[in-house]
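# Okay, structure incoming, though there's no sequence with it:
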């Protein structure tokens, strides 16, 4: 009696034959990193695929709200039989970057994004008889919303030794706003909006501090220059002008001989007059014969 394989063995052999059969696979590629777009702007959800497009080719985009399973996704649009069919609440704002999407590009464009557009988007490509992959790509989108003016309150005892709780919250803001608490003492209280940081924007505190330091440096330099000019004008003149008198100068009308006699009478050695200063005078008395 010939031995026949059992049903379990038949199923295993059939599965092996199916797995080894030649055929094309649908490969869908989407960005690995989450995407973000400012509120009111246009978001492009990049999706590409590789397969031999046939008559049964179909593309579908759907949306899942944060925290919910993929099974409850809502359709946005789908392409089949050569036609594009937008559907759902995002139908008026949704379109394809390439229409028809039969050249390997299935990128979705979503205009005027709303905060409710934050969630997971599914790019599904179906092209029978390519059964070897599910042809699914997932993209996470975050719509950036500036924080609204915070609402602050306090509770508890505000007297010395008591405990008080301070609370601040913003009704809008994505990602979630981050609050910094600073004790200002007797300084003027800043506006509540200035104490909220928007994570979607870069920090500018360093640039502001740099500008303030530059202005302070220029002010100090100008003050020092003005002070130096004033001090320079107040200094006495160090050079002698034509009207200045010297201590060893001889008054007008006094001869050098008088000056020499004054020096001799004071006990100092008498200096002989030079030839240029010796003068001869005639005697006023008659000579005896």
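The structure has been received and is ready for your questions. Predicted model only: the values in this text are computed from it and were never measured.

# pLDDT averaged over stretch 107-114, what's the number?
The average pLDDT within stretch 107-114 is 96.

# mind checking the end-to-end distance for that stretch?
Criterion CA to CA, to the nearest Å; first-to-last residue distance in stretch 107-114 is 19 Å.

# Go through that stretch and flag the buried ones.
Of the residues in stretch 107-114, 107, 108, 110, 113 count as buried by neighbour count, 16 or more other CB atoms under 10 Å. All C-beta atoms are positioned from the backbone trio N, CA, C, and that covers glycine.

# what residues does it touch?
Stretch 107-114 has contacts (CB atoms under 8 Å, 6 or more residues apart in numbering) with 37-48, 61, 76-77, 90, 93-98, 117, 121, 123, 141, 143.

# Model confidence at the nearest residue to residue 80 once chain neighbours are set aside, what's the number?
Of all residues not flanking residue 80 in the chain, residue 58 sits nearest, at 4.3 Å (CB to CB, 6 or more residues apart in numbering). pLDDT recorded at residue 58 is 92.

# same thing with residue 90?
Looking at residue 90, its pLDDT is 93.

# which secondary structure element contains the closest residue to it other than its chain neighbours?
Closest residue to residue 90 in three dimensions, ignoring its sequence neighbours and counting by CB to CB, 6+ apart: residue 76, at 5.1 Å. Per DSSP states H and E: residue 76 is located in strand 74-80.

# and that strand, which residues are buried?
75, 76, 77, 78, 79.

# now what about that strand, what contacts it?
In contact with strand 74-80 (CB under 8 Å, 6+ apart) are residues 57-64, 84-91, 94-96, 99-101, 108, 121.

# Swap in 7 Å and give it another go.
Residues outside strand 74-80 that contact it (CB atoms under 7 Å, 6 or more residues apart in numbering) are 58-63, 84-88, 90-91, 94, 100-101.

# Name every strand pairing with that strand and say which way it goes.
Sheet pairing of strand 74-80 (DSSP bridges) gives strand 58-64 (antiparallel), strand 83-86 (antiparallel).

# May I see the buried residues of the longest one?
If I follow you right, that is strand 58-64. By neighbour count, with 16+ other CB under 10 Å as the criterion, the buried positions of strand 58-64 are 59, 60, 61, 62, 63, 64.

# do the same with the shortest one
Within strand 83-86, the residues scored as buried using 16+ other CB under 10 Å are residue 86.

# Would you mind pulling the contact partners of that strand?
Taking CB under 7 Å, 6+ apart as the rule, strand 83-86 contacts 77, 78, 94, 96, 99.

# Save these as a markdown table, and put in pLDDT and distance to residue 135 too.
Conversion of the contacts of strand 83-86 to a markdown table gives the following (pLDDT from 0 to 100; distance: CB to CB, whole Å):
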| residue | pLDDT | distance to residue 135 |
| --- | --- | --- |
| 77 | 95 | 16 |
| 78 | 92 | 13 |
| 94 | 95 | 20 |
| 96 | 95 | 16 |
| 99 | 90 | 19 |
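
# Test my guess that residue 70 contacts residue 64.
Yes - here residue 70 reaches residue 64: they are 5.8 Å apart, a contact under CB atoms under 7 Å.

# any residues in contact with both of those two?
Common contact partners of residue 70 and residue 64 (CB under 7 Å, 6+ apart): residue 122.

# And the pLDDT at residue 265?
Per-residue confidence (pLDDT) for residue 265: 48.

# follow-up on the earlier one: closest one of the buried residues of stretch 107-114 to residue 228?
Residue 228 lies nearest to residue 113 out of the buried residues of stretch 107-114, by CB to CB, at 60.8 Å.
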